[in-house]
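[1] Predicted coordinates and the sequence they were generated for:
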Amino acid sequence: MKFDTVIIGGGLAGLLCGIRLLEQGQRCAIVSRGQSALSFSSGSLDLLSHLPNGEAVADIKTGVEALQSMHSPHPYALLGARRVRENAILAQTLLADCGLHLQGDVDSDHQRVTPLGTFRRAWLSPTEIPLKPATNLSIGVVGISGFLDFQPPLAAASLRKRGINASAEEIDLPVLDKLRDNPSEFRAVNIARLLDKPENFSELYRALLPLSRSYDTLYVPACFGLADSAVFNQLNQQLSCPIFLLPTLPPSVPGARMQHLLQQRFSRSGGVWMPGDEVTGADIEQHRVTKLWTRKHEDIPLTADNVVLASGSFFSNGLIADRTRVREAVFALDVLYGEKRESWYRDDVFDAQPWQQFGVITDERLRGKRGGETIQNLYVIGSVLGGFDAVAQGCGGGVCAVTALAAAEEIAASGGGK
């Protein structure tokens, strides 16, 4: 099977890259093993909050320039401030075109409320997610009876420590009784499948109505809205006060919605989606990938002018660690990691962990290397890249989006195989 570009990995990076390539007229396929890390995310995206030394970043231009002056291996330092900013702006437009209603901007980040009642800087967040509230508001943090993946008392107590007048509340929804029989099924995504049904709206509305008359704002667990914002919008129209949604423990409804809408856009634009499959090997000749072999297609190779690796980090098995080394799973690409295992981690779990920065080494065009030699038609994007700490530096979503679009730009500039 012949394509212009084959992308390995169907998460945020792979989908954004694929959608952009389709816009450029490419025939594109995505090989996806299964559920990506995006479905477990909060739905908010970070761009760059802190430098490797812990210094807060005021704006993306000065942040990237500081990374370059530090000679950091961060992907942003390879791309430069102009390309990072331009591709971040392009990502905002592309996400909006896919039906994702997000608040935030590359030039003005915001403080979002986390499920633990803390505040975290973000680049983009779903409009349903609350931003740092004014101290004069009374906020009801509402839980659902029996739902253990969201703890209103903890969130409310944390908000009070930050000067916010917050109290914990709980509602009972008998429509969910069938899920309570099996604790493993009583999860946000399964709850949403029930609460998104129009016939169940009235029960949710009646449970929240008395609380909406007692508070200025309600924070509710994100347990509805898998496909769209219909239930959220209807509640805000009919209740006596505004409501906002807080993501729960994974799997996350906002993250699952982002995955669904991006995947839907890719397929509707003519992309070939290959779910439940994985690339098991590749033929490389004269520093170019010539064939990809997958588990499902066995002896029928995929061929493409360009290949994009968006396989994810350790969570998605894009990177594999054993006792002595870290390796990239598909092409055995060169990987940035500490030579001694004791240097991989720090004893304090709250410290920034060195292993978070392990990942694939590329050239300035995001092309992967093997044995120090650049593979000319293999681009590497997203969390499989090395040189950045998505958590400590607050840049995970940004790296995925920016590198995805930068790789698409590189492919287009090279002629895209046409």
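    In hand now; what should we look at? Residues are numbered from 1 along each chain as shown.

[2] from here on, contacts and neighbour counts on C-alpha atoms
    Noted.

[3] Which positions within stretch 118-128 qualify as buried?
    118-119, 121-128 (16 or more other C-alpha atoms under 10 Å).

[4] which residues of the stretch 301-418 of the chain fall in helices?
    With DSSP state H, counting those that start in this stretch as the criterion, the stretch 301-418 of the chain has helices at 396-413.

[5] pLDDT below threshold where in it?
    The model of the stretch 301-418 of the chain has pLDDT under 70 over residues 416-418.

[6] let's see it at 50
    Confidence mapping of the stretch 301-418 of the chain against pLDDT under 50 gives the ranges 417-418.

[7] quick revisit: may I see the buried residues of stretch 118-128 organised as TSV, with distance to residue 83 added?
    TSV is the format used below for those (distance: C-alpha to C-alpha, whole Å):
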residue	distance to residue 83
118	32
119	29
121	22
122	20
123	17
124	18
125	22
126	25
127	27
128	30
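
[8] and those residues, which of them are in strands?
    119, 121-122, 125-126 (DSSP state E).

[9] and residue 13, helix, strand or coil?
    helix (DSSP: H, G, I helix; E, B strand; the rest coil).

[10] Surely it touches residue 404?
    Yes - between residue 13 and residue 404 there is a contact under C-alpha atoms under 8 Å: 5.1 Å.

[11] Could you tell me which residues touch both of those two?
    381-382 (C-alpha atoms under 8 Å, 6 or more residues apart in numbering).

[12] quick one, domains of the protein?
    2-106+256-413, 130-246 (automatic domain parsing).

[13] Just tell me which of these ends up closest to residue 113.
    Proximity to residue 113 (C-alpha to C-alpha) singles out domain 130-246 among the domains of the chain, at 5.6 Å.

[14] Between the two ends of that closest one, what distance do you get?
    From its first residue to its last, domain 130-246 covers 7 Å (C-alpha to C-alpha, to the nearest Å).

[15] for it, the distance to its chain's centre please.
    Distance of domain 130-246 from its chain centroid, counting by C-alpha atoms, centre = their mean, to the nearest Å, is 23 Å.

[16] Give me the mean pLDDT for it.
    Rounded to a whole number, the mean pLDDT of domain 130-246 is 95.

[17] Please list the outside residues in contact with stretch 230-250.
    For stretch 230-250, with C-alpha under 8 Å, 6+ apart as the criterion, the contacting residues are 39-42, 113-115, 128-130, 149-150, 188, 196, 201, 205, 208-209, 212-213, 215-222, 224-225, 253-254.

[18] ugh, typo on my part, it should be stretch 142-159
    For stretch 142-159, the external contacting residues (C-alpha under 8 Å, 6+ apart) are 115-118, 140-141, 165-173, 180, 186-188, 218-221, 248-249.

[19] Can you measure across that stretch, start residue to end residue?
    OK, stretch 142-159 end separation, C-alpha to C-alpha: 13 Å.

[20] Return the distance of residue 329 relative to residue 339.
    18 Å.

[21] ugh, typo on my part, it should be residue 121
    33 Å.

[22] which one of the domains of the chain is the most hemmed in?
    domain 2-106+256-413 (a mean of 20; mean count of other C-alpha atoms under 10 Å).

[23] distance between the ends of it?
    20 Å.

[24] Now do that domain: distance to the chain's middle.
    For domain 2-106+256-413 - counting by C-alpha atoms, centre = their mean - the centre lies 11 Å from the chain centre.

[25] which stretches of the stretch 151-300 of the chain form strands?
    Per DSSP state E, counting those that start in this stretch, the stretch 151-300 of the chain carries strands over the ranges 165-171, 217-221, 243-246, 272-275, 279-285, 288-294.

[26] Quick one: closest of these to residue 325.
    Among the strands of the stretch 151-300 of the chain, the nearest to residue 325 by C-alpha to C-alpha is strand 279-285 (20.1 Å).

[27] And the closest one, what does it pack against?
    strand 288-294 (3 or more C-alpha pairs under 8 Å, 6 or more residues apart in numbering; DSSP states H and E).

[28] before we move on, back to that, switch the ones in strands among the buried residues of stretch 118-128 over to TSV; also include pLDDT.
    Listed next are those as TSV, based on pLDDT from 0 to 100:
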residue	pLDDT
119	96
121	95
122	96
125	97
126	96
